[in-house]
Each structure stands twice: as C-alpha cells, then as structure tokens.
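Enquirer: Pasting the sequence and the predicted model now:
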Amino acid sequence: MADPNFSFLLILPLALLLLLLYFIFRPRPTTIPIKNRHVFITGGSSGIGLALAHLAASEGAKVSILALPFDKLEEAKNYIQLSTGIDVAVFAADVRDYDAVSKAFEAAGPIDVLVVNQGVFVGRELEKQGLDEVRFMVDVNLMGSFNVIKAALPGMKDRKDRGPGSIALMSSVAGQAGIYGYTAYSASKFGLRGLAEALQQEVIIDDIHVSLIFPSATDTPGHTKETKTRPQLINTIMETYGTMKAEEVAKKALDGIKSASFIVPCNFVGLLLSIATAGLSPQRSFIMAFVEVATAGIIRIIALGFQWNWYTYIHKWHGQNKGPKVLVA
Ligand SMILES: NC(=O)C1=CN([C@@H]2O[C@H](COP(=O)(O)OP(=O)(O)OC[C@H]3O[C@@H](n4cnc5c(N)ncnc54)[C@H](OP(=O)(O)O)[C@@H]3O)[C@@H](O)[C@H]2O)C=CC1
Ligand SMILES: CCCCCCCCCCCCCCCC(=O)[C@@H](N)CO
C-alpha cells in the first residue's frame, strides 16, 4: 500500500491547481439553445455546411443557408425540407462580395446562431501554386468570413431579449498545424483564429459567444474534388488520419456551439491538437483547462513525435533516408 502521506502530497497540488483554475477560468460557461432559433449557415449547400443545416433543422431551428447561385442551393433546400419538414430560406451570394452578403442578411432578419462555414481548398506546394489560387483561398476563407461577420454583426447585436447568440467559424486541423501542401489554406485558417480570439473579447458584452471548429479530413464534395488534384505526397500523409463523415463533424460542431465552447475539436487527433495549441485562447471548461495544464509537457513531446514522423517521411519521399543532404566542399 502507498504511504498515505505520499498520496496526500501528490493529490494536494492537483486539488489546489483545480481550485485555482476554477476561480480564474474565463469566459464563464453558458449554453446556446438551438430549438426555435434562427441559424444562418454560409456554405450550407454542400458537405459539412449542409449536414449542419440538416441537423439544426431536425432540432427545430429556423435555418437559412447561403452559397453561390447554383442549383445546389435549391437542391439543399428541398432535401432538408423533405426530410425534416422545416422550411429553409436560401440566399445566393458570393462571400467575396460584401454588398451581396449585406443584402442577404437584411433579407434574412435577426440571426441567433451564425455559422461561417464557406471554404475552398486546393492542396499544392506553394512553388507550384499560382498567386491566383492563393488569393482565392484567402479571399473566400478569410476575407469572406470578415464580410459575413461584418454584415451580420449589427443585427446580431440588436437582438433584444433573444437569449445568447453564437458566431461559429469553420477552421480545420490545418488551421492548428501547418501541413505540407497547405501554405495558403493553412494561412487562411490560422487567420480565422486571430479573428475569433479578438472577436470573442469584443462581443462578450453582447452575450455573443464565439466557437472555432477544427474538423479533420471529412468526406464532402469539396474534399472528393480536391483529392483528385492534390499531390500524391499529401494524399499519403492524410491517409494515416482517416476521413470523417460530414454528419459526424456536424454533430460535433453543433454540440460545441450549444455548449459555447471556444475551441471545438471533432475527433481524437483534433483534441490532441487543441490541447497542444491552447495558447491564450479562452477556455469555458475548467476541467479542460486542467487537462491542458496537466498534460502540456507530454503533449509537446507527442507533437514533436508527429514532426519527427512528417519530416522523416518527407525526406524519404525525396529519396533521402538520413535527413537533409549536407553539402561538403
Ligand atoms: N472536407 C474537409 O476535409 C474539411 C473541410 N473543412 C472546412 O469545412 C468547410 C466546408 O467544407 P466542405 O463541406 O468540405 O466543402 P464543400 O466544397 O463540400 O462545400 C463548400 C461550401 O462553401 C460554399 N462556398 C464556396 N465558395 C463560396 C463563395 N465564394 N461564396 C459563398 N459560398 C461559397 C459552397 O457553395 P457552392 O456549392 O455554391 O460553391 C459550399 O456550400 C470549409 O470551410 C472547409 O475549409 C475543414 C477541415 C476538413
Ligand atoms: C499533439 C498532436 C498532434 C497531432 C497532429 C495531427 C495532424 C493531423 C493531420 C490531419 C490532416 C487533415 C487535414 C485536413 C485539411 C483540410 O482542411 C481539408 N479541407 C483538405 O482536404
């Protein structure tokens, strides 16, 4: 049997740490109701956005979706209406066009939950990627999110006695770690994190709660299209981590929004990454804060293990087994 004094010495500091974190963790927990609320989803015509729109409608939300003016928008509306019986409002706009986005929000009326989900991705090494493709990703994923939030925020702030609001941003695990072939995409998604961390401080007094969602690779029309054109090296690296279903990601995302979590991982790898990159992000669960503090060292070792694995792999791919070639004069 362990010496009781020894157990006490071990448990006491942990208990004190838990107590300290309980007093300091901010912002305080809250919950975001979904039933009978107006949930507005950009990029709601396909993949993760469509699955989320369907799930929110089936939980009794009034759902609006925004996407480019293609047939998919009407198809999505009919699909959700047929399977849930809930009427869906659709708005055709390019998130890169602020005026068009603004008009959509004027027509949509007050929003309780805004999900900024639209996104484009073309995996390719920067050297082989044109600046037009780089700009495309930054414009749609990052600037497009600014356009959407700027256009929606005044109406969301004006909500009188409507209960807590939410702004959720769809990032990616490539927005937590830089991944080979994703210089532009990762930059656009890392950008969302700065936006989200600062925005949460600005809108907390309006009872608006920001969530940043980090899906791993997910089986969607956008993903299927991308895997056909991206370099084989990316496909091989990604294969290790598997692919989630859009419905699974939607469930994790909606649960994260409901519990007003700032960081929302969607699978185990995402959870590891969330702890590894906790940094100065808000934390609404003191238990998670405790996990972050208690595992910081070991998580860093695991992260370094991943880097070791990736770099070894990249060198092998280029026909080198022992790391970078050293030029000897
Ligand atoms: N699938 C994956 O592996 C992962 C995806 N993500 C992120 O999840 C989000 C959704 O991705 P996913 O469902 O896979 O993608 P899809 O390509 O299947 O769907 C993207 C959605 O965004 C809309 N969209 C694209 N460009 C614009 C634009 N300029 N203006 C308005 N709407 C636009 C599309 O509309 P339209 O159909 O009209 O073009 C569509 O509704 C993205 O932000 C993506 O970065 C994150 C991690 C992994
Ligand atoms: C401490 C622990 C560290 C764990 C690191 C694990 C890294 C996982 C990499 C998963 C690759 C999925 C990228 C999705 C890119 C994307 O967003 C898609 N749109 C592109 O298809």
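Expert: Happy to help now that I have it. Ligands and ions are numbered 1, 2, ... in the order given.

Enquirer: which non-adjacent residue is nearest the residue of the stretch 51-200 of the chain found nearest ligand 1?
Expert: Distances between the stretch 51-200 of the chain and ligand 1 by CB to the nearest ligand atom are smallest at residue 119, namely 2.0 Å. In short, each C-beta sits where N, CA and C put it, glycine included. Leaving aside its sequence neighbours, residue 119 sits nearest to residue 141 (CB to CB, 6 or more residues apart in numbering; 5.1 Å).

Enquirer: Does ligand 2 have contacts with the one helix or strand in the chain whose mean pLDDT sits lowest?
Expert: Lowest on mean pLDDT, DSSP states H and E among the helices and strands of the chain sits helix 232-239, with a mean of 86. Yes - counting by CB under 6 Å from any ligand atom, contacts between helix 232-239 and ligand 2 involve residue 238.

Enquirer: And the contacts of the very next helix or strand once past that helix?
Expert: With elements assigned by DSSP states H and E, the helix or strand that comes after helix 232-239 is strand 244-245. Contacts to strand 244-245, defined as CB atoms under 8 Å, 6 or more residues apart in numbering, come from residues 215-219, 266-267.

Enquirer: now with 6 Å?
Expert: Residues outside strand 244-245 that contact it (CB atoms under 6 Å, 6 or more residues apart in numbering): 216, 218-219.

Enquirer: is the helix or strand where residue 295 lies up against ligand 2 anywhere?
Expert: Assigned by DSSP H and E, residue 295 belongs to helix 286-317. Yes - with CB under 6 Å from any ligand atom as the criterion, ligand 2 is reached by helix 286-317 at 299, 302-303, 306.

Enquirer: same deal with stretch 213-231?
Expert: Yes - using CB under 6 Å from any ligand atom, stretch 213-231 comes into contact with ligand 2 via 216-217, 223, 226.

Enquirer: do stretch 129-138 as well
Expert: No - using CB under 6 Å from any ligand atom, stretch 129-138 never reaches ligand 2; the gap is at least 10.2 Å.

Enquirer: and the residue of this structure nearest ligand 2?
Expert: For the chain, CB to the nearest ligand atom, closest residue to ligand 2: residue 172, 3.2 Å.

Enquirer: so how many other residues sit close to that residue?
Expert: 26 (other CB atoms under 10 Å).

Enquirer: And the nearest residue to it once chain neighbours are set aside, how far from residue 120?
Expert: Distance criterion CB to CB, 6+ apart; nearest residue to residue 172, sequence neighbours excluded, is residue 189 at 4.9 Å. Look at residue 189 and residue 120: by CB to CB, to the nearest Å, they are 11 Å apart.

Enquirer: OK, contacts around the nearest residue to residue 62 once chain neighbours are set aside?
Expert: Distances taken as CB to CB, 6+ apart put residue 38 closest to residue 62, at 4.8 Å, once the chain neighbours are dropped. Residues in contact with residue 38 (CB under 6 Å, 6+ apart) are 62, 111-112.

Enquirer: Show the model's pLDDT score for residue 38.
Expert: pLDDT for residue 38: 97.

Enquirer: What of the one 3 residues further on?
Expert: According to the per-residue confidence, residue 41 scores 98 in pLDDT.

Enquirer: quick revisit: buried residues in the helix holding residue 295, which are they?
Expert: By 16 or more other CB atoms under 10 Å, the buried positions in helix 286-317 come out as 286, 288-292, 299, 303.

Enquirer: what about residue 206, distance to residue 115?
Expert: Relative to residue 115, and taking CB to CB, residue 206 is found at 18 Å.

Enquirer: So for these two, which sits in the more crowded spot?
Expert: Set residue 206 next to residue 115 and count neighbours by other CB under 10 Å: residue 115 wins out with 31 against 14.

Enquirer: Do I have it right that the more buried one meets residue 167?
Expert: No - Residue 115 is beyond contact range of residue 167, at 8.2 Å (criterion: CB atoms under 6 Å).

Enquirer: shared neighbours, the two?
Expert: Common neighbours of residue 115 and residue 167 (CB under 6 Å, 6+ apart) do not exist.

Enquirer: Which residues are in contact with the residue of the stretch 201-329 of the chain found nearest ligand 1?
Expert: Residue nearest to ligand 1 within the stretch 201-329 of the chain: residue 222 (2.2 Å; CB to the nearest ligand atom). Contact partners of residue 222, counting by CB under 6 Å, 6+ apart, are residue 47.

Enquirer: Could you check how far it is from residue 80?
Expert: 19 Å.

Enquirer: quick one on the thing from earlier: what does the pLDDT read for the residue of the stretch 201-329 of the chain closest to ligand 1?
Expert: 97.

Enquirer: and the residue of the stretch 51-200 of the chain closest to ligand 1, that's in a strand?
Expert: No - assessed with DSSP: H, G, I helix; E, B strand; the rest coil, residue 119 is coil; it does not lie in a strand.

Enquirer: how about it, phi and psi?
Expert: phi -170, psi 150 (degrees, to the nearest 10).

Enquirer: tally of neighbours for it?
Expert: Residues lying near residue 119 (other CB under 10 Å) number 27.

Enquirer: thought it was touching residue 138?
Expert: No - assessed by CB under 6 Å, residue 119 is found out of contact with residue 138, at 11.4 Å.

Enquirer: All good on my end, thank you.
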